[in-house]
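S.K.: Pasted the sequence and its predicted model underneath.
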Amino acid sequence: MDRYERILTLHRLLKSAHYPVPLPRLMDELECSRATLYRDIAFLRDALGAPIESAGGEHAAFRYEATEGQRFELPGLWLTSDELAALLALNELIGRSGPGVLAGALAPFKARIEHLLSDRASGKALPVERIRVIPWGERKLDQQVFRITAGAVLDRKQLRFLYRARTTNNESKRTVSPQRLTHYRDNWYLDAWDHDREALRSFAVDRIADPHALEGGANNVAENELNDLLASSYGIFAGKPKAWATIRFSAHAARWVADEHWHSQQKGTWLPDGRYELQLPYSNSRELLMDVLKYGPDAEIAAPLPLREEMKIMLQLALTGYQ
């Protein structure tokens, strides 16, 4: 491990120890020599101000000086190699995810990440070009709408807004108790209790306009109730499951589908001829049908019969456009 990781590990050992930590254990934990360990201890004590006590003699041991009140913490932010790699990936994700709401809202944090990475790399060029992020299907999102909506979720305030449903293009005024924000397929959705309809609903945040947080506190819905209605079926606009779909994929497509996560309750079975059968609960069939369609002739809906017939109609209508 490098010096930064050794200092961090040394700090954790001394901080959590109730008794002096023997020298051999420190050398084993830090995977270093006696001389390297003494240099790290000196750096931690002299440069960072750690209150290190040592028991000399034949059996050397170290610990933090016992003090009442606040315990010693490392100044600034210390990163292991794994943490640095994760931070580098996050930095690139923020920078390359387009001019969306996260890129704007997290700009100050992104600058701080770059500063930390620069310090950690000791002047070396950071390999940011080794991480590639490609957004897909991301819709335009008003940052002010997102901030007001997110603020109402976090502050537990009721929210009033105009909503234009994409399916009908009709506009309606909604008063809701926000429950949580959901990021799904590169877009944001608001799960909320709709006071006028007295039911849980999911709203695409990009279709929300003129939001206003109200003085009234939001009604809280238990997480298990949220998941039971909004996450128990396939897709974002789920609802309670109406049936289970059975989809069979060709041996070729099975190489991909068998490793894919479609739903938390999905059941997958390899068939004797190499095909793969996927079963999952659904309520609204439209999103499921569109996802099956992308596999073309490599996918077949086997059951239930109404879903199979609905897919046949979609395929026939699509074929009509090519005639």
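M.R.: Sure, I can see it. Here the structure is a predicted model, which is why all the values come from computation and not from measurement.

S.K.: what are the ranges of the strands in the stretch 151-300 of the chain?
M.R.: Assigned by DSSP state E, counting those that start in this stretch, the strands in the stretch 151-300 of the chain fall at 157-164, 171-184, 187-194, 199-204, 208-217, 243-249, 267-270, 276-282, 299-303.

S.K.: Residue 148 is nearest to which of these?
M.R.: Of all the strands of the stretch 151-300 of the chain, it is strand 208-217 that lies closest to residue 148, at 4.5 Å by CB to CB. Any C-beta I mention is one placed from the backbone N, CA and C, and that applies to glycine too.

S.K.: Pairing partners for the closest one, with directions?
M.R.: strand 157-164 (antiparallel) (DSSP bridges).

S.K.: quick one, phi/psi of residue 31?
M.R.: Per-residue torsions, residue 31: phi 50, psi 50 (degrees, to the nearest 10).

S.K.: contacting residues around it?
M.R.: Taking CB atoms under 8 Å, 6 or more residues apart in numbering, we find residue 31 in contact with residue 1.

S.K.: that older thread, and the strands of the stretch 151-300 of the chain, which is most packed in?
M.R.: Burial of these is given as mean neighbour count (mean count of other CB atoms under 10 Å); strand 187-194 ranks first at a mean of 22.

S.K.: which strands and helices sit next to it?
M.R.: Taking 3 or more CB pairs under 8 Å, 6 or more residues apart in numbering; DSSP states H and E as contact, the helices and strands that strand 187-194 lies on are helix 143-155, strand 171-184, strand 199-204.

S.K.: Could I get those in CSV, plus columns for mean pLDDT and distance to residue 271?
M.R.: Shown next, in CSV, are those (pLDDT from 0 to 100; distance: least, CB to CB, whole Å):
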stretch, mean pLDDT, distance to residue 271
helix 143-155, 92, 44
strand 171-184, 94, 30
strand 199-204, 94, 35
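
S.K.: those strands in the stretch 1-150 of the chain, which residues are they?
M.R.: Going by DSSP E, counting those that start in this stretch, the stretch 1-150 of the chain shows strands at 21-22, 52-55, 61-64.

S.K.: Residues contacting the second one, please?
M.R.: Defining contact as CB under 8 Å, 6+ apart, one finds that strand 52-55 is touched by 14, 20, 41, 44, 45, 60, 61, 62, 63, 64, 65.

S.K.: which one of the residues you listed is nearest residue 214?
M.R.: Among those, and counting by CB to CB, the member closest to residue 214 is residue 64, at 50.2 Å.

S.K.: quick one, what contacts the closest one?
M.R.: 14, 15, 17, 50, 51, 52, 53, 71, 72.

S.K.: That one - nearest residue in space that isn't next to it in sequence?
M.R.: residue 14 (4.9 Å; CB to CB, 6 or more residues apart in numbering).

S.K.: Tell me if I'm right that the one you found and residue 21 touch.
M.R.: Yes: counting by CB atoms under 8 Å, residue 21 is a contact partner of residue 14 at 6.5 Å.

S.K.: Tell me which of the two has more neighbours.
M.R.: More crowded of residue 14 and residue 21, by other CB atoms under 10 Å: residue 14, with 22 against 19.

S.K.: how much space between that one and residue 5?
M.R.: In this view, residue 14 and residue 5 are 15 Å apart by CB to CB, to the nearest Å.

S.K.: One more: residue 197?
M.R.: Taking CB to CB, one finds residue 197 at 54 Å from residue 5.

S.K.: cool, and residue 195?
M.R.: For residue 195, the distance to residue 5 - CB to CB - is 52 Å.

S.K.: same deal with residue 149?
M.R.: 40 Å.

S.K.: same thing with residue 255?
M.R.: Taken as CB to CB, the span from residue 255 to residue 5 is 39 Å.

S.K.: Of those two, which one has the most company?
M.R.: residue 5 (18 against 12).

S.K.: Low-confidence ranges, the stretch 1-150 of the chain, go.
M.R.: Scanning the stretch 1-150 of the chain for pLDDT under 70 picks out the ranges 57-58, 68-69, 76-85, 87-88, 90-131.

S.K.: Please name whichever of the strands of the stretch 151-300 of the chain is nearest to residue 319.
M.R.: With CB to CB as the yardstick, what comes closest out of the strands of the stretch 151-300 of the chain is strand 299-303 (16.2 Å).

S.K.: same for the helix or strand encompassing residue 309, what does it pack against?
M.R.: Using DSSP states H and E, the secondary-structure element containing residue 309 is helix 305-320. With contacts taken as 3+ CB pairs under 8 Å, 6+ apart, helix 305-320 sits against strand 243-249, helix 285-293, strand 299-303.
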